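Engineer: Below are the sequence and a predicted model for it; my questions follow.
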Amino acid sequence: MYDNLKQFARNSRSFRASDVRLMYARMHNHAISPRLSPEKLLEIVNRLGFKDVRAFGDKIGLEPHIAESWARFGISHDAAMLLQALLDYRNRLNDAMQDFERNTQIPLDIFFDEHQLP
């Protein structure tokens, strides 16, 4: 929390009137916008290839208590948008890999698995 206050104080010197809108949007995303439910979060995490939120958190370096909180209460709207973007990227990558393999007969999925790529 102390670092957040230091960062806020440091950044407040450069605040502009237009930043008020951004601050309001951030507060709105965290306090008012609907959170992604724990069930939907687990569904996305499973589709990304993880058995649960904790395994996902371990892989991305999330502190265990945060993964536990996410699994219990879901995640904020803006974090959900980012997670959905990752899933969409992964799906596009899988489609491209399948297309590549169909045309070249070179299996990329083994390469990605061996190198622990998404």
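Structural biologist: Perfect, I can see it now. Residues are numbered from 1 along each chain as shown.

Engineer: In the chain, where is pLDDT below threshold?
Structural biologist: Low-confidence segments of the chain, defined by pLDDT under 70: 1-5, 118.

Engineer: Can you point out the helix or strand that includes the spatially most central residue of it?
Structural biologist: With distances taken as Cα atoms, centre = their mean, the residue of the chain nearest its centroid is Leu83 (3.3 Å). If you go by DSSP states H and E, Leu83 is part of helix 77-104.

Engineer: what's stretch 39-51 in contact with?
Structural biologist: 36, 52-53, 55-56, 59, 70-71, 74-75, 80, 83-84, 86-87, 90, 118 (Cβ atoms under 8 Å, 6 or more residues apart in numbering). Where C-beta positions appear, they are placed from N, C-alpha and C, glycine not excepted.

Engineer: so where do the helices sit in the chain?
Structural biologist: Using DSSP state H, the helices of the chain run over 2-12, 19-31, 38-47, 53-60, 64-73, 77-104, 108-114.

Engineer: about what we covered before: give the buried residues for the helix holding Leu83.
Structural biologist: His77, Ala79, Ala80, Leu83, Leu87, Met97 (16 or more other Cβ atoms under 10 Å).

Engineer: In terms of secondary structure, what does that helix contact?
Structural biologist: helix 19-31, helix 38-47, helix 108-114 (3 or more Cβ pairs under 8 Å, 6 or more residues apart in numbering; DSSP states H and E).
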